[in-house]
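S.K.: Pasting a predicted model and its sequence here:
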Amino acid sequence: MKTLIIRHYKIAVLAVLGMMISLQIFAQDGGLDIDIDLGKPEWYEQPWVWVVGAAAFILILVALLRRKR
C-alpha cells in the first residue's frame, strides 16, 4: 500500500513538472516582430563622407611625404 502511494506521488510530481516545463516553453515562443527604425542616418554614417574623408587623408599624407624630400 505504501509503495502504491509513493508511486502515485511520483506520477503526480512528474505530471506537474511536465506541465510547468511545457508552459515555460510556450511562454518563450512570443513571436515578436521588432521593427527598429532609427530614422534618417547621421551625416557620419553616409558612405560619401567616408570616401571624401579617405581621399582627403590620402592627399594630406602624400603632401606631407613629398614635402620631406
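M.R.: Structure's in. What do you need? Residues are numbered from 1 along each chain as shown.

S.K.: what about the helices in this protein?
M.R.: 2-28, 47-67 (DSSP state H).

S.K.: Comparing those, which yields the minimum mean pLDDT?
M.R.: The stretch with the lowest mean pLDDT among the helices of the chain is helix 2-28, at a mean of 86.

S.K.: Name the residues of it that come out as buried.
M.R.: Across helix 2-28, burial judged by 16 or more other Cβ atoms under 10 Å covers no residue at all. The C-beta positions use only the backbone N, C-alpha and C, and glycine is treated the same way.

S.K.: about what we covered before: if we compare the helices of the chain, which one ends up closest to Ile36?
M.R.: helix 47-67 (20.3 Å; Cβ to Cβ).

S.K.: ok, back up a step: need the helices of the chain in JSON lines (columns: distance to Pro41).
M.R.: Compiled in JSON lines, these are given as follows (distance: least, Cβ to Cβ, whole Å):
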{"stretch": "helix 2-28", "distance to Pro41": "34"}
{"stretch": "helix 47-67", "distance to Pro41": "10"}
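
S.K.: Quick one, which of these gets closest to Asp37.
M.R.: Here helix 47-67 is closest among the helices of the chain (Cβ to Cβ), at 20.0 Å.

S.K.: chain center to that closest one, what's the gap?
M.R.: 36 Å (Cα atoms, centre = their mean, to the nearest Å).

S.K.: what does it contact?
M.R.: Outside of helix 47-67, the residues within contact range by Cβ atoms under 8 Å, 6 or more residues apart in numbering are Trp43.

S.K.: If we use 10 Å, what do you get?
M.R.: Under the criterion Cβ atoms under 10 Å, 6 or more residues apart in numbering, residues 41-44, 46 lie in contact with helix 47-67.

S.K.: Sort those by pLDDT and name the bottom one.
M.R.: Pro41 (83).

S.K.: Can you give me every residue that contacts it?
M.R.: Pro41 touches Pro47, counting by Cβ under 10 Å, 6+ apart.

S.K.: Please renumber the chain so that the first residue is 217 from this point on.
M.R.: Renumbered: residue one is now 217, and that last one reads Pro257.

S.K.: Distance check, it against Trp266.
M.R.: Distance from Pro257 to Trp266, counting by Cβ to Cβ, to the nearest Å: 12 Å.
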